[in-house]
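Enquirer: here is my input, please return the structure:
(chains A and B)
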Amino acid sequence: NAGVTQTPKFQVLKTGQSMTLQCAQDMNHNSMYWYRQDPGMGLRLIYYSASEGTTDKGEVPNGYNVSRLNKREFSLRLESAAPSQTSVYFCASSEATVREKLFFGSGTQLSVL
Amino acid sequence: QKEVEQNSGPLSVPEGAIASLNCTYSDRGSQSFFWYRQYSGKSPELIMFIYSNGDKEDGRFTAQLNKASQYVSLLIRDSQPSDSATYLCAVTRSNDYKLSFGAGTTVTVRA
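Expert: Alright, predicted model coming up:
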């Protein structure tokens, strides 16, 4: 049972480049999330999807877009990367009964030069 | 004021001692409170949650909640080197299930 799988694990971009972070879960969870983690800032919610077919903005959505492709997959896209988007990105999912219990992927270390 | 505040640490405790971690939150309507543990270079994992005022024990971990003081804490008894990690406090906002996280407290248990 893989849980939440994120790819890639590491990525280096130049300012202005675009990329998509992929996330898939095999736990049949309804809700999925994208967080970023920066030193001294904790985890901040970028976007979330309460269920298949819906997406909503979190605390820090600017510069990002998301797609809930199906129940399993939730991708995060950076259209024009900026140095301020250098961070560790975590995808997470949660079940319907205890939505606050998050299951996290292993993270993506992204550097924007 | 941040929604969830924690002392960043590092908190250094000797093996076998009690580690005490504190967290305060600003939204008086918050209903649910969580502690996640994150080992260096790894992803967070849930270790405790508490909904009601008072104490909740799970093995060597005790979560304490005081809603009047907007304060939640985590005690780790008989601390082990394997408890060395960053502990993230997370709180739900009023009428919302999404979590607001603190920046975390780093704990180092000295053998």
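Enquirer: okay, now the sheet partners of the lowest-mean-pLDDT helix or strand in chain B, with direction.
Expert: In chain B, the helix or strand scored least confidently by mean pLDDT, DSSP states H and E is strand B:99-101, which has a mean of 92. Using DSSP bridges, the strands paired with strand B:99-101 in its sheet are strand B:85-92 (antiparallel).
Enquirer: before we move on, back to that, what lies in contact with the least confident helix or strand of chain B?
Expert: The set of residues external to strand B:99-101 that reach it, using C-beta atoms under 8 Å, 6 or more residues apart in numbering or on different chains, is A:42-45, A:100, A:102, B:3-4, B:25, B:27, B:34, B:36, B:88-93. Bear in mind the C-beta positions are built from the backbone N, C-alpha and C, glycine included.
Enquirer: residue closest to the middle of chain A?
Expert: Computing the C-alpha centroid of chain A and ranking residues by C-alpha atoms, centre = their mean puts A:Trp34 first, at 2.8 Å.
Enquirer: that residue is in contact with A:Tyr47, isn't it?
Expert: Yes - at 5.2 Å, A:Trp34 and A:Tyr47 qualify as touching, with contact defined as C-beta atoms under 8 Å.
Enquirer: overlap in contacts, these two.
Expert: Taking C-beta under 8 Å, 6+ apart as the contact definition, A:Trp34 and A:Tyr47 share the neighbouring residues A:58, A:64, A:66, A:76.
Enquirer: keep only those that also lie close to chain B.
Expert: Checked against chain B using C-beta under 8 Å from any C-beta of the partner chain, these give the following subset in range: A:Gly58.
Enquirer: now the shared contacts of A:Trp34 and A:Tyr47 as a markdown table including secondary structure and pLDDT?
Expert: Written out in a markdown table, the entries for these read as follows (DSSP: H, G, I helix; E, B strand; the rest coil; pLDDT from 0 to 100):
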| residue | secondary structure | pLDDT |
| --- | --- | --- |
| A:Gly58 | coil | 93 |
| A:Tyr64 | strand | 97 |
| A:Val66 | strand | 97 |
| A:Leu76 | strand | 98 |
